[in-house]
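In: below: sequence and its predicted model.
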Amino acid sequence: METDGNGWVACGCGHRHWGKHGAAGLFLQVGDQVLVQLRPGWAHQGGSWAIPGGARDSHESVLTAAMREAHEEAAIQAADLTVEGVHRLQHPDWRYDTVIATAAHKPEVTEHAESVELRWVSADDLRHMHLHPGFAQSLPELLLPLVTVVVDAANVVGSTPDGWWNDRVGATRRLADDLEEIAGSVVQLDGQQVLVGGVELVVEGQAVGAPDTALDSLVSIVRSAGVGDDMVVARSRSIGQALVVTSDRGLRARVDRSVSVSQLRTWMG
Ligand SMILES: [Zn+2]
């Protein structure tokens, strides 16, 4: 496939950023250690510490781009890692998606041309290092507790009498778009900040005709062949940090962690 992401973007924030389709990187944690790399002098923000990452190509998902960069820059194998979620730094005309991953043991890493040095450091050590400004900005949010939000689409769509019954596919598609607002972002949960590392939208019935979200989306559509509630329960069990969104009391009783539809609406503004 063609490499089409390399290039600068003049952003509405007043700065320019690398990556015509945005950029993605890998924040790899093993225990309390994080893998960082020193950027070479010739690079943008050379001499600062950041994570392996770079421009995303248009045909890549966020995950694919981050893993490719981590492989190119540090010889990291995706198979050794567990992906926990994604953090999104959103600019007016650009974005940086950080894939947060863990591993049981420190994988073998090898320095390549783009990284003059790779180093495992604690989050505490990072506070005393000269960090790339974008990484420094994201870092406090990368260290927050993570949740994956599992949305009972029928319940959320059905809670607003906007004529959804005439067009279930369209209503589901609009909900998927709205959920993009919170995916990769920080929300308040029980008085604490948590990072929404991803969103799964569980659909059933006619809504299974809703199209897949864009390749770079952090919202995925999960199509249920049978009863949507059963799929929500199954997904919540297979994801370690699931947070279910539904106002269905019966369903809420079947899952460990849940919030109401009105809580979701508060987050989406
Ligand atoms: Zn910008």
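Out: Nice, I can see it. Keep in mind that this is a model prediction, so the values were computed, not measured.

In: and the gap between the residue of the chain most remote from its centre and T160?
Out: If you look at how far each residue of the chain sits from its centre, by CA atoms, centre = their mean, the farthest one is N166, at 32.2 Å. Using CB to CB, to the nearest Å, N166 is found at 13 Å from T160. To be clear about C-beta, it is placed using only N, CA and C from the backbone, and glycine gets the same treatment.

In: any idea how far apart the tips of stretch 245-252 sit?
Out: 9 Å (CA to CA, to the nearest Å).

In: quick one: average pLDDT of it?
Out: Taken as a whole, stretch 245-252 has a mean pLDDT of 97.

In: touching that stretch from outside, list them.
Out: If you take CB atoms under 8 Å, 6 or more residues apart in numbering as the criterion, stretch 245-252 is touched by 149-152, 155-156, 159, 229, 232-233, 244, 258-264.

In: next, the buried residues of that stretch.
Out: The neighbour-count check on stretch 245-252 (16 or more other CB atoms under 10 Å) flags V245, T246, S247, D248, L251, R252 as buried.

In: how about the residues of the stretch 51-200 of the chain near the ion?
Out: H91 (CB under 5 Å from the ion).

In: in the stretch 51-200 of the chain, what residue comes closest to the ion?
Out: H91 (3.2 Å; CB to the ion).

In: hmm, that residue is touching G14, no?
Out: No - counting by CB atoms under 8 Å, G14 is not a contact partner of H91; they are 10.0 Å apart.

In: out of those two, which sits in the busier spot?
Out: Neighbour count, other CB atoms under 10 Å: between H91 and G14, H91 has more, with 15 against 7.

In: where does pLDDT dip in the chain?
Out: 1, 113-115 (pLDDT under 70).

In: show me where it has helices.
Out: Along the chain, counting by DSSP state H, helices occupy 62-74, 123-126, 133-142, 153-158, 168-179, 228-238, 249-252, 261-268.

In: now those in a markdown table, with distance to Q29?
Out: Putting the helices of the chain into a markdown table (distance: least, CB to CB, whole Å) gives the following:
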| stretch | distance to Q29 |
| --- | --- |
| helix 62-74 | 13 |
| helix 123-126 | 9 |
| helix 133-142 | 9 |
| helix 153-158 | 32 |
| helix 168-179 | 26 |
| helix 228-238 | 21 |
| helix 249-252 | 31 |
| helix 261-268 | 25 |
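
In: can you tell me which of these is nearest to S220?
Out: Proximity to S220 (CB to CB) singles out helix 168-179 among these, at 9.0 Å.

In: please point out which parts of that closest one sit buried.
Out: R168, A171, T172, R173, L175, A176, L179.

In: for the first one, what are its contacts?
Out: Under the criterion of CB under 8 Å, 6+ apart, the contact list for R168 reads V157, G205, Q206, A207, G209.

In: give me the buried subset of those residues.
Out: Listed as buried from these are V157, A207; burial here means 16+ other CB under 10 Å.

In: among the contacts of R168, name the ones in strands.
Out: In strands, judged by DSSP state E, none of these are found.

In: roughly how far is stretch 17-31 from the heart of the chain?
Out: 11 Å (CA atoms, centre = their mean, to the nearest Å).

In: now do stretch 46-59
Out: Averaging C-alpha positions (CA atoms, centre = their mean) puts stretch 46-59 16 Å from its chain's average.

In: and stretch 22-34, by the same measure?
Out: The mean C-alpha position of stretch 22-34 is separated from the chain mean by 12 Å, CA atoms, centre = their mean.

In: can I get that stretch as CSV, trimmed to CA atoms?
Out: What follows is stretch 22-34, C-alpha atoms only, in CSV (Å, rounded to 0.1, in the frame of the first residue of the first chain):
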residue,chain,number,x,y,z
GLY,A,22,-3.0,12.8,11.7
ALA,A,23,-0.4,10.7,13.6
ALA,A,24,-0.4,7.8,16.0
GLY,A,25,2.0,6.5,18.6
LEU,A,26,2.4,3.7,21.1
PHE,A,27,2.4,4.2,24.9
LEU,A,28,3.7,0.9,26.1
GLN,A,29,3.6,0.2,29.9
VAL,A,30,5.2,-2.8,31.5
GLY,A,31,4.6,-2.6,35.3
ASP,A,32,5.4,1.0,36.2
GLN,A,33,7.8,1.4,33.3
VAL,A,34,7.1,3.2,30.1
